[in-house]
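Novice: Fold the stuff below for me.
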Amino acid sequence: MATTDYQPADARLLEREQKGTWQQWLGVAALVYLLICAVGMIGSGFKAATGDQAEQLFAFAINPFAGLVVGTVATALIQSSSTVTSIIVGLVAGGLPVAVAVPMVMGANIGTSITNTLVSLGHVREKKEFSRAFSAATVHDFFNLFSVVIFLPLEIAFGLLEKTGKLLAQPFYGGADASMSSMNFVKTATAPVVNTAKNVFLSLGDPLGGVVLALFGIALIFLSITLVGRLLKKLMVGRARDIMHTAIGRGPLSGILSGTLVTTLVQSSSTTTSLMVPLAGSGAFTLKQIYPFTLGANIGTCLTAVLAATAVTGNAEAALQIAFIHLTYNVVGVIVIYGLPFLRYLPVRAAEWLGQTAAENKSVALAYILGVFFVIPGVCLGVTALA
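Specialist: I've put the predicted structure just below:
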């Protein structure tokens, strides 16, 4: 009888939870819509602000190493590669040359690694635990650094990624100025919001109106990605952790696929890789078991930029091209580095050595974070600017 008395209350509680979940998913959909609109605003604003001078504005970043540093530092400061790559997509739509943007998305991969590296510092009091946690965090760094070392010279010499991205983007377009035939509904759906914003801000005149519109778009990207990240964490992080526990240790392919899936669900490689740091620190999983999951996280984070590129105005084909370049770079990086036996565990060995060294001398960890993500990139950017 007591059980029967509690059933209505339990039913009401379940109904409220289900209603709350649906409201959260609707919120996610609305924020993704806002994100796509924001990227379109950035493209339109940047084009209006610069006219045909976009290339001259980013002349300092024509040097690919400067572009790499810009992407690294921007992502390290913002701690969101999704935000940075979405902004890059908008800038490309507004006239930023694709060749300049390619090293920037490579740098975004490096910069996003800082979050899980900072998370590992929470284990600093226990020597062995910190060694494992710091190794698990920095294996992501080393993989991304090795990937840049391999692919940036190839890109400089042959334009490999730029050509591949263009090849992948072309089937979606009937011509240089045509909109995406298969995804035109996205552009149509976002057009009312983007056009309203353009009418409001561009009425201020050029270049002020364009600058304000672009800045407004950037602010909307920050807002939408921050809020969608919070909602997805509430909705998915528990499930993501379950997927991790189920998939890690079942082999490299399972690890890569689960890393891709989890990052696609939570839309944050920083969150995904940070989830596994405590697991490594506690000794629940070895570094070699966690390593493939990290590689999948790199692939899963590309979805945001691809979505953002589906509805931009201006140079829409180039915007989709840079989004596909980011995806191609991460997929091919996994295939090459993990696929070749002599390269496969170089990031693991480097991370293990650094973890052991940092556990012996905690100042090494601080020096590493400041040096890799801020000091060295800042010095390189300064030297490049002076040159």
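
Novice: Format the CA atom coordinates belonging to stretch 111-127 as CSV.
Specialist: This file holds the C-alpha atoms of stretch 111-127, laid out as CSV (Å, rounded to 0.1, in the frame of the first residue of the first chain):
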residue,chain,number,x,y,z
GLY,A,111,46.0,25.0,-28.0
THR,A,112,43.1,22.9,-27.0
SER,A,113,45.4,20.4,-25.2
ILE,A,114,46.0,22.9,-22.4
THR,A,115,42.7,22.2,-20.6
ASN,A,116,43.4,18.5,-19.8
THR,A,117,47.0,19.4,-18.9
LEU,A,118,45.7,21.9,-16.3
VAL,A,119,43.2,19.2,-15.0
SER,A,120,46.1,16.9,-14.4
LEU,A,121,47.6,19.4,-11.9
GLY,A,122,44.8,18.3,-9.5
HIS,A,123,46.8,15.2,-8.9
VAL,A,124,50.0,17.0,-8.1
ARG,A,125,50.2,16.0,-4.4
GLU,A,126,50.5,12.2,-5.1
LYS,A,127,53.8,11.5,-7.0
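
Novice: State the mean pLDDT of it.
Specialist: Stretch 111-127 shows a mean pLDDT of 86.

Novice: Give the buried residues for it.
Specialist: Within stretch 111-127, the residues that count as buried by 16 or more other C-beta atoms under 10 Å are Gly111, Thr112, Ser113, Ile114, Thr115, Asn116, Thr117, Leu118, Val119, Ser120, Leu121, His123. Every C-beta, even on glycine, is put in place using the N, C-alpha and C of the backbone.

Novice: Relative to Tyr368, which of those is nearest.
Specialist: Thr117 (7.9 Å; C-beta to C-beta).

Novice: Share the number of residues neighbouring the closest residue to that closest one other than its chain neighbours, please.
Specialist: Of all residues beyond its chain neighbours, the one nearest Thr117 is Ala137 (4.4 Å), with distances taken as C-beta to C-beta, 6 or more residues apart in numbering. Residues near Ala137, counting by other C-beta atoms under 10 Å, number 31.

Novice: Can you pull the poorly scored residue ranges out of this structure?
Specialist: Flagging of the chain using pLDDT under 70 yields the residue ranges 1-20, 51-61, 173-186, 229, 232-233, 235-245, 247-249, 267, 384-387.

Novice: what sits against Thr264?
Specialist: Gly300, Leu303 (C-beta atoms under 8 Å, 6 or more residues apart in numbering).

Novice: Then Gly122?
Specialist: Ala133, Pro278.

Novice: The residue nearest to Thr117: which element?
Specialist: helix 127-158 (DSSP states H and E).

Novice: So for that helix, what gets flagged as buried?
Specialist: 129-148, 151-152, 155.

Novice: Equivalent analysis for stretch 281-288, please.
Specialist: Neighbour-count burial for stretch 281-288 [16+ other C-beta under 10 Å]: Gly281, Phe285, Leu287.

Novice: from these, which is closest to Thr357?
Specialist: Leu287 (14.9 Å).

Novice: ok, the closest one touching Phe134?
Specialist: No - between Leu287 and Phe134 there is no contact under C-beta atoms under 8 Å: 10.5 Å.

Novice: one step back: adding secondary structure as columns, could you present the buried residues of stretch 111-127 in JSON lines?
Specialist: Compiled in JSON lines, these are given as follows (DSSP: H, G, I helix; E, B strand; the rest coil):
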{"residue": "Gly111", "secondary structure": "helix"}
{"residue": "Thr112", "secondary structure": "coil"}
{"residue": "Ser113", "secondary structure": "coil"}
{"residue": "Ile114", "secondary structure": "helix"}
{"residue": "Thr115", "secondary structure": "helix"}
{"residue": "Asn116", "secondary structure": "helix"}
{"residue": "Thr117", "secondary structure": "helix"}
{"residue": "Leu118", "secondary structure": "helix"}
{"residue": "Val119", "secondary structure": "helix"}
{"residue": "Ser120", "secondary structure": "helix"}
{"residue": "Leu121", "secondary structure": "helix"}
{"residue": "His123", "secondary structure": "helix"}
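
Novice: how about TSV for those residues, with distance to Val105 added?
Specialist: TSV is the format used below for those (distance: C-beta to C-beta, whole Å):
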residue	distance to Val105
Gly111	11
Thr112	11
Ser113	14
Ile114	16
Thr115	18
Asn116	19
Thr117	20
Leu118	22
Val119	24
Ser120	25
Leu121	27
His123	31
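
Novice: Tell me the gap between the stretch of helix or strand Gly107 belongs to and the middle of its chain.
Specialist: Element membership of Gly107 [criterion: DSSP H and E] is helix 98-111. Helix 98-111 sits 11 Å away from the centroid of its parent chain (C-alpha atoms, centre = their mean, to the nearest Å).

Novice: can you give me the angle it makes with helix 127-158?
Specialist: Interaxial angle of helix 98-111 relative to helix 127-158 (axes from the mean of the first three to the mean of the last three C-alpha atoms, to 10 degrees): 170 degrees.

Novice: So which elements touch helix 98-111?
Specialist: helix 64-78, helix 81-93, helix 127-158, helix 160-169, helix 316-339 (3 or more C-beta pairs under 8 Å, 6 or more residues apart in numbering; DSSP states H and E).

Novice: Kindly reformat the ones you listed as JSON lines and extend each row with distance to Val32.
Specialist: Below are these laid out as JSON lines (distance: least, C-beta to C-beta, whole Å):
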{"stretch": "helix 64-78", "distance to Val32": "19"}
{"stretch": "helix 81-93", "distance to Val32": "11"}
{"stretch": "helix 127-158", "distance to Val32": "25"}
{"stretch": "helix 160-169", "distance to Val32": "21"}
{"stretch": "helix 316-339", "distance to Val32": "15"}
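
Novice: Between these, which one is closest to Asp206.
Specialist: Comparing the helices and strands packed on helix 98-111 by C-beta to C-beta, helix 81-93 comes nearest, at 17.1 Å.
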